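Undergrad: need coordinates for the following:
(one chain, ligands or ions: 1)
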Amino acid sequence: MATLIEKGSRCWIPDEKEGWLGVEVTNITNNNNKYQIELISEDGERTFNIETSSLDESNPDLPLPRNQVETVEDLTELSHLNEPSVLNAIRVRYTMFNIYTYSGIVLIAINPFQRNDELYSPHRIQRYASKKRGEEEPHLFAIAEDAYRFMINYKQNQSIVVSGESGSGKTVSAKFIMRYFASVDSDEHDHDMSETEKQMLATNPIMESFGNAKTTRNDNSSRFGKYMEILFDKDIVICGARIRIYLLERSRLVFQPKTERNYHIFYQMIEGLSEEKKSQLGLMGVENFFYLNQGGVPKIDNVDDAKEFKDTCDALSLVGINEDQQFQIFKVLAGLLYIGNIQITKISLNGLSRSKLLPDQKRLFPT
Ligand SMILES: Nc1ncnc2c1ncn2[C@@H]1O[C@H](COP(=O)(O)OP(=O)(O)OP(=O)(O)O)[C@@H](O)[C@H]1O
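TA: Model prediction:
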């Protein structure tokens, strides 16, 4: 046996419905190094009889059932670092509305899919400012503060890597980290944002409008990777930002699977432009554009495209793209939509005289 299992030990066994089930060993018989183990679920409702050579031990100090409350803020404090114990620790914290858990220097975030403004309020930012990690409960702001302090103390560039599957919360997390940097500075923690800081935050609605789309997994899925640099001057004040973009999903422009949309900006533009500007661009409703209606979901629940359009335009103005320039961008976008409505069909040359075709056309229709 990999671990010492004895009567009364608490362990995990795989369960089809729950993933893992907390159990207690009630009896063990050793038969030629094969262990016959009797187990009972923690709620006492199910008994099991299994033959095995090893079991995943649960943490002796921690209760097994999900409805019990004790857990750790850092997974490295678990005495048994096996998969079920790690998952259970995160799950128990999540049920207590603690979406963040440390695993050493890494912060694990579980997407709550519900707003909690207090969790990211200015008051919270102040709570984490100048604090060492571990002084407050696990949070994105503690990671941001760590990077900020290391930069100041060691005068070295710092990186925060945000990773996870689609819909896990990377975009939202990165925005809160940026907001932290924009709100906190070396001397005071509650200052008005500078123009540069506002401009840096304004990149978010712009990037999302042009690079995010509704997918089956996420109503606001980033269809590109980004590397963002936040630049500080010698007084530790944000003096600029640089964004590099990787692998934009270009095919989405011409094709969207069922229940997905094209990039938000197209729908925003149609909902948000004034009638006058729309008629200048010859824009019609979303249902008239092949590039916008293939997925069959022109609207996203709880999203007002017209309001989002206003936010996008405000953000564009803030970063220095004036209304005329914005209109030129919308013109290009409208042009793309019209290209999408061009249908290319096969034609027969019967009845047409080849002599009337231009040289290029002759090449397209060989005899
Ligand atoms: N901390 C959070 N609090 C509340 N809701 C959240 C949080 N993080 C994410 N969400 C919700 O989950 C949704 C998906 O998150 P997000 O867009 O950040 O995922 P993502 O990892 O960037 O996905 P993708 O890789 O598809 O771009 C958000 O639109 C938001 O509704």
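Undergrad: got a list of contacts for stretch 317-331?
TA: Stretch 317-331 is contacted by residues 198, 199, 202, 203, 206, 269, 273, 277, 281, 313, 316 when judged by CB atoms under 8 Å, 6 or more residues apart in numbering. Every C-beta, even on glycine, is put in place using the N, C-alpha and C of the backbone.
Undergrad: change it to 6 Å
TA: Contact partners of stretch 317-331, identified using CB atoms under 6 Å, 6 or more residues apart in numbering, comprise 199, 202, 269, 316.
Undergrad: got a list of what the last one touches?
TA: Right, residue 316. Taking CB under 6 Å, 6+ apart, we find residue 316 in contact with residue 326.
Undergrad: mind listing what's buried along the helix or strand containing it?
TA: Using DSSP states H and E, the element containing residue 316 is helix 305-318. By neighbour count with 16 or more other CB atoms under 10 Å, helix 305-318 contains the buried residues 305, 308, 309, 311, 312, 313, 315, 316, 318.
Undergrad: which SSE is immediately downstream of it?
TA: Next along the chain after helix 305-318, taking DSSP H and E as the criterion, comes helix 323-340.
Undergrad: CA atoms of the helix or strand following that following helix as CSV?
TA: Of the helices and strands lying after helix 323-340 in sequence (DSSP H and E), the nearest is helix 359-364. The C-alpha trace of helix 359-364 is given here as CSV (Å, rounded to 0.1, in the frame of the first residue of the first chain):
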residue,chain,number,x,y,z
PRO,A,359,-8.3,38.9,-71.0
ASP,A,360,-8.5,38.2,-67.3
GLN,A,361,-12.1,36.9,-67.6
LYS,A,362,-11.0,34.6,-70.5
ARG,A,363,-8.5,33.1,-68.1
LEU,A,364,-11.3,32.4,-65.6
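Undergrad: anything in stretch 149-167 near the ligand?
TA: Yes: if you take CB under 6 Å from any ligand atom as the test, stretch 149-167 does meet the ligand, through 164, 166, 167.
Undergrad: chain center to that stretch: distance?
TA: Centroid separation between stretch 149-167 and its chain, computed with CA atoms, centre = their mean, to the nearest Å, is 17 Å.
Undergrad: give me the mean pLDDT for that stretch.
TA: Throughout stretch 149-167, pLDDT has a mean value of 97.
Undergrad: who touches it?
TA: Stretch 149-167 has contacts (CB under 6 Å, 6+ apart) with 147, 170, 173, 174, 217, 218, 221, 236.
Undergrad: for the strand ranked longest in the chain, list every residue counted as buried.
TA: Ranked by number of residues, the top strand in the chain under DSSP state E is strand 19-31. Within strand 19-31, the residues that count as buried by 16+ other CB under 10 Å are 20, 21, 22, 23, 24, 25.
Undergrad: so how many other residues sit close to the closest residue to the second one other than its chain neighbours?
TA: It refers to residue 21. Nearest non-adjacent residue to residue 21, counting by CB to CB, 6 or more residues apart in numbering: residue 15, 4.0 Å away. Using other CB atoms under 10 Å, residue 15 has 15 other residues around it.
Undergrad: hang on, the earlier thing: near the ligand, anything from the helix holding residue 316?
TA: No: legend: contact between helix 305-318 and the ligand by CB under 6 Å from any ligand atom is lacking; minimum distance shown is 12.7 Å.
Undergrad: now that helix: how far from the chain's centre is it?
TA: Per CA atoms, centre = their mean, the displacement of helix 305-318 from the mean C-alpha position of its chain is 21 Å.
Undergrad: relative to helix 323-340, how tilted is it?
TA: Between the axes of helix 305-318 and helix 323-340, defined by axes from the mean of the first three to the mean of the last three CA atoms, to 10 degrees, the angle is 130 degrees.
Undergrad: quick check: which element contains residue 113?
TA: Per DSSP H and E, there is no helix or strand for residue 113.
Undergrad: ditto for residue 14
TA: strand 10-15.
Undergrad: that older thread, give me the buried entries from the residues of stretch 149-167 next to the ligand.
TA: Counted by 16+ other CB under 10 Å, the residues of stretch 149-167 next to the ligand give residue 167 as buried.
Undergrad: closest one of the residues of stretch 149-167 next to the ligand to the ligand?
TA: residue 166 (3.5 Å; CB to the nearest ligand atom).
Undergrad: that closest one: what's its closest spatial neighbour, skipping adjacent residues?
TA: Residue 166's closest residue in space is residue 217 (CB to CB, 6+ apart), at 4.7 Å.
Undergrad: what about the one you found, distance to residue 52?
TA: 37 Å (CB to CB, to the nearest Å).
Undergrad: could you do residue 41 as well?
TA: 16 Å.
Undergrad: the two: who's more crowded?
TA: residue 41 (18 against 14).
Undergrad: what bridges to that one?
TA: residue 23 (DSSP bridges).
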